[in-house]
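[1] With the sequence up front, the predicted model follows.
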Amino acid sequence: MNTIKIHFLGASGTVTGSKFYLETPKLNLMIDCGMFQGLKELRQQNWNPLPIDVSKIDLVLLTHGHLDHTGYLPRLLKEGFKGKIVGTAPTLAITRIILLDSAKIHEEEAEQANKEGYSKHNPALPLYTVKDAERTIELFQSKEKDQWISITEHIRYKFRYNGHIIGATFIELEIFGKLFVFSGDVGRLQDNLLKSPERPKWADYLFVESTYGNKLHPEEDVEGILSDLIKTTIRERGNLIIPSFAVERLQSLMYLLWNLYKKNKIPNIPIFIDSPMGNNVLSVFEQFPHWHKLPMNEYRAMCNHFNIITSYGDTWKTIDDPRSKIVIAGSGMVTGGRVLTYLKQLIDLPSTAILLVGFQAEGTRGRQLLEGAYELKLFGKYYPIKAKIHHLESLSAHADQSELLHWMEDIENIPETVFLIHGESTSLDAFRVKIKDVHGWNVQIPKLNEIQEIFISN
């Protein structure tokens, strides 16, 4: 009898910080290694050592490059990890960009907190540094999708295309003949830039995300809503600020705005892309054209239409520019990045419009804006919100409940257990009930730091 211990170290009872540690008799591996975001009590956990012996991890497999799936990797090294970090080539390219950007932001925020004295810690320290991120990147090892990779005689894995962002996959992990399937983040059935996710055919143990496990994305006239919002912004001589995730959402927004302009549905309003990380991600689309649907001639024409900001000095020039304009800036949940500088200067103006275009986790500034907050804390100070807040939920990169059920539809067997992960409590419970009603499967919602033992006969 072989015993597999599964440690739910993140994205368990919450939507962030994905980390799943599997102890087997042959080796130990981790699926994803994400940073907690959102609520302060979750963010503080990024500073705590993991409740495992990190030096015993042989391998980390990454489903995709988002921060909440990769952002803890430099801390893992600090705790003694010396193994390999494996993902598809575009996932590792995205992870490299995200880790370096995250490290730089941590350094800058610590420096600013020390300079302005708004941190309780003296001195304020970065969670990790650029040097830490660079050491992490040295452990990267890329593998092709759709190929079984043997680790030991009885353990192998395969990456399979999953939409969501460029390079994203779900992972099929076979251990002693049992198939463990980790969904990662499941993409949309219809996406402007990416193909539909592939679907698993078999799963003895299924770990599935539940971000929108209780919701269906609304049928929205995205082009009409964007067009009206832009025309209103011009009429009011204001600014449209779009906080955006740098990976896939930014490129999707560019594609939408480019098409609106080509169809003559919006005037030639200046559009600024202020996301150093997003600019780097654009190069990943060029590097891996077979991972997305956008023809390269269309991609290059689209990029030439936008004003790409590269320096922080140009951020201030853009803010001072008196023209009506659109600014797309990171980060998507308003947790950090260049968008904070724009909001600090423009959020108290009634002529400013803010458009939220993705999931806003509990405890983030984006969620506060969505829920009607009257003020926002930026760089240690409160700013009144006079700007108009808008939301386009259908632009989310996450599958909704119907699309998640569709993703699971091809599974031919009855899984021994379905573990619902990566969701807030109401979403997890609603999806649990739905899966039981539709399939009658055994569904569990693991808690943070819970350990599950699975026994597999020899």
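    It's in. Please read all numbers here as calculations on a predicted model, not as lab measurements.
[2] quick one: contacts for D321?
    By C-beta atoms under 8 Å, 6 or more residues apart in numbering, the contact set of D321 is P270. Bear in mind the C-beta positions are built from the backbone N, C-alpha and C, glycine included.
[3] Now do G332: how many residues are near it, please.
    By the measure other C-beta atoms under 10 Å, the count of residues near G332 is 27.
[4] Go ahead and confirm it touches V247.
    No. Contact criterion C-beta atoms under 8 Å: G332 and V247 do not qualify, at 9.2 Å.
[5] Report the buried residues of the helix or strand hosting H7.
    Using DSSP states H and E, the element containing H7 is strand 2-8. Neighbour counts over strand 2-8 (16 or more other C-beta atoms under 10 Å) mark 2, 4, 6-8 as buried.
[6] any idea how far G358 is from the most centrally placed residue in the chain?
    By C-alpha atoms, centre = their mean, the chain has its centre lying nearest to H66, at 3.9 Å. When distance is defined by C-beta to C-beta, to the nearest Å, H66 is 11 Å away from G358.
[7] which neighbours do these two share?
    F245.
[8] and stretch 230-242, how far apart are its ends?
    Length of stretch 230-242, first residue to last, C-alpha to C-alpha, to the nearest Å: 11 Å.
[9] same check, this time on stretch 382-396
    Across stretch 382-396, first to last residue, C-alpha to C-alpha, it's 29 Å.
[10] ok, back up a step: just the CA trace of the strand holding H7, in PDB.
    The C-alpha trace of strand 2-8 is given here as PDB (Å, rounded to 0.1, in the frame of the first residue of the first chain):
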ATOM      1  CA  ASN A   2       1.400   3.400  -1.000                       C
ATOM      2  CA  THR A   3       0.400   6.500   0.900                       C
ATOM      3  CA  ILE A   4       0.100   9.900  -0.800                       C
ATOM      4  CA  LYS A   5      -0.100  12.900   1.500                       C
ATOM      5  CA  ILE A   6      -1.600  16.100  -0.100                       C
ATOM      6  CA  HIS A   7      -1.000  19.300   1.800                       C
ATOM      7  CA  PHE A   8      -3.400  22.100   0.800                       C
END
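[11] gap between the very next helix or strand once past that strand and the chain center?
    Using DSSP H and E, the helix or strand that directly follows strand 2-8 along the chain is strand 19-23. On the basis of C-alpha atoms, centre = their mean, to the nearest Å, strand 19-23 sits 20 Å off its chain's mean C-alpha point.
[12] Against which helices or strands is strand 19-23 packed?
    Under the contact criterion of 3 or more C-beta pairs under 8 Å, 6 or more residues apart in numbering; DSSP states H and E, strand 19-23 touches strand 2-8, strand 28-33.
[13] Distance to Y261 for these - can I get that in CSV?
    Shown next, in CSV, are the helices and strands packed on strand 19-23 (distance: least, C-beta to C-beta, whole Å):
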stretch, distance to Y261
strand 2-8, 46
strand 28-33, 38
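[14] Okay, helices next: where are they in the protein?
    Secondary structure of the chain by DSSP state H: the helices cover 40-43, 67-70, 73-78, 89-116, 130-137, 222-235, 249-262, 276-287, 296-304, 312-320, 339-346, 365-370, 401-408, 425-439.
[15] hmm, back to that, quick one: which of the helices and strands packed on strand 19-23 is nearest L257?
    Taking C-beta to C-beta, strand 28-33 is the member of the helices and strands packed on strand 19-23 nearest to L257, at 31.7 Å.
[16] which residues are contacting the closest one?
    Under C-beta under 8 Å, 6+ apart, the answer for strand 28-33 is 10-11, 18-22, 56-63, 69-73, 76, 85, 151, 171, 173, 182, 184, 207.
[17] Sheet partners, orientation included, of it?
    Strand 28-33 sits in its sheet next to strand 19-23 (antiparallel), strand 59-61 (parallel), going by DSSP bridges.
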